[in-house]
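>>> Provided below for reference: sequence and predicted model.
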Amino acid sequence: MSQQPIRIWADSFRAAAIHLSVSLLIVGALALLVFKVWYPTPLAAATGVLAIFAMVFVVDLLIGPLLTLVVYKKNKKSLVFDLTVIVLIQITALSYGIYSLSQARPVWLAFYSNRFEIVRLNDIEDIYLKDAPKEYAHASLTGPKWVATRLIGSSQEIEDLEFGNKLGAKIVHQPALYYPIEQAYPEIVIKAYDLSKLEAANSKEEIDKYLSVNPKATGWLPLWGQQQHMVVLLNKDAVPLNIVNLRPWTTEQMNTVLTSAL
């Protein structure tokens, strides 16, 4: 039996393995940026970004090395061209993935009425940055920041903006209405829920798990996410301590909460 086919496949597997190793380093670095800086745990789950990252993961870790495995033949005349095309496909897909992840990243955790809301970069239209204070006109590259949001207009105008019923942006999507979170602490103290209310929608084991690593927590407020609502733990002075993957409400409580938010 000729050793030539075996040698050809061995070379192809070696090239694909090298390609896979390089891709692993790149995706690993991207994962650190995404899950440690842009979407610190548990915000990735709250925003639903995992699907976008999974697409990047599949293209960069599977498709690229697999294509290399298929096309790689030592001394092949078109090898450089073929590998260049594969790399360009990967770079294009990776660039699109990074751009998408960057645009959808949380930039503000905005207190509003009786809750916090996740505000992503692509939630904020340029027109609403024009009158924004300098400190709120530019989104952070190092993770979301806490902020508070003023109420404006009549009760109907607030309702329309709050739920996006009109063409205008939601209140929390307008940086011109932002002010320092520290100034909202007295209001947050009044609005905060007792820790015991978490038991309605969560098991005692889950609650204890998070409270054991946040011993200064004395209250909480809900965090509205695009994919999943979560909980912000607060200390006695209403300072946000941590975001935890607990449910703020049962399904039955949801309508009541939405009504009381108006």
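Arrived safely.
>>> mean confidence for the top helix by length along the chain?
The longest helix of the chain (DSSP state H) is helix 4-32. Per-residue pLDDT values over helix 4-32 give a mean of 82.
>>> Please apply the same query to stretch 107-119.
94.
>>> residues making contact with it?
43, 46-47, 106, 120-121, 124, 136, 139-140, 144-149, 151, 162, 171-173, 175, 178, 181, 184, 187-188, 191, 221-226, 232, 240, 243, 260-261 (C-beta atoms under 8 Å, 6 or more residues apart in numbering). Using the backbone N, CA and C atoms, a C-beta is placed for each residue, glycine as well.
>>> Can you get me the start-to-end distance on that stretch?
6 Å (C-alpha to C-alpha, to the nearest Å).
>>> Likewise for stretch 174-192?
Using C-alpha to C-alpha, one end of stretch 174-192 lies 24 Å from the other.
>>> Of all the residues in it, which ones are buried?
Neighbour counts over stretch 174-192 (16 or more other C-beta atoms under 10 Å) mark 174-175, 177-178, 181, 184-185, 188, 191-192 as buried.
>>> now stretch 31-40
Buried residues in stretch 31-40 (16+ other C-beta under 10 Å): 33-35, 38-39.
>>> For this structure, name the helix or strand with the lowest mean pLDDT.
helix 155-162 (a mean of 51; mean pLDDT, DSSP states H and E).
>>> related to what we said a few turns ago, quick one: which of the buried residues of stretch 31-40 is nearest residue 67?
Within these, the smallest distance to residue 67 is 24.4 Å, found for residue 34 (C-beta to C-beta).
>>> right, and the closest one touches residue 43 too?
No: using C-beta atoms under 8 Å, residue 34 is not in contact with residue 43, being 10.2 Å away.
>>> about what we covered before: would you mark the buried spots in the longest helix of the chain?
Those would be 12, 15-16, 19-20, 23, 26-27, 30, for helix 4-32 by 16+ other C-beta under 10 Å.
>>> Please report phi then psi for residue 203.
phi -80, psi 150 (degrees, to the nearest 10).
>>> do residue 52 as well
Torsion angles at residue 52 (phi, psi; degrees, to the nearest 10) stand at phi -70, psi -40.
>>> any idea how far residue 23 is from it?
Shown here: residue 52 relative to residue 23, a distance of 17 Å by C-beta to C-beta, to the nearest Å.
>>> in the sheet, who's paired with residue 110?
residue 117, residue 147 (DSSP bridges).
>>> same check, this time on residue 222
residue 231.
>>> and the gap between it and residue 87?
The gap separating residue 222 from residue 87 is 45 Å, by C-beta to C-beta.
>>> Residue 75 now?
From residue 75 to residue 87 the distance is 20 Å (C-beta to C-beta).
>>> Between these two, tell me which one has more neighbours.
Between residue 75 and residue 87, counting by other C-beta atoms under 10 Å, residue 87 is the more crowded of the two (15 against 6).
>>> helix or strand for that one, which one?
helix 79-103 (DSSP states H and E).
>>> list the buried ones in that helix?
Buried, per 16+ other C-beta under 10 Å, within helix 79-103: 82-83, 86, 90, 93-94, 97, 100-101.
>>> Give the other helices and strands that that helix contacts.
Where contact means 3 or more C-beta pairs under 8 Å, 6 or more residues apart in numbering; DSSP states H and E, helix 79-103 is packed against helix 4-32, helix 50-58, helix 64-71.
>>> Could you tell me how far the last one lies from the centre of the chain?
Using C-alpha atoms, centre = their mean, to the nearest Å, we find the averaged C-alpha position of helix 64-71 to lie 31 Å away from the chain's own average C-alpha position.
>>> which residues touch that helix?
12-13, 15-17, 19-20, 23, 79, 82-83, 86-87, 89-90.
>>> coming back round to it: got the buried residues of helix 79-103 as TSV, with pLDDT and distance to residue 236 columns?
Output for the buried residues of helix 79-103, formatted as TSV (pLDDT from 0 to 100; distance: C-beta to C-beta, whole Å):
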residue	pLDDT	distance to residue 236
82	88	64
83	89	61
86	89	57
90	87	51
93	84	48
94	86	46
97	86	42
100	89	40
101	91	36
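>>> you'd agree residue 189 is in a strand?
No: counting by DSSP: H, G, I helix; E, B strand; the rest coil, residue 189 is not found in a strand; it is helix.
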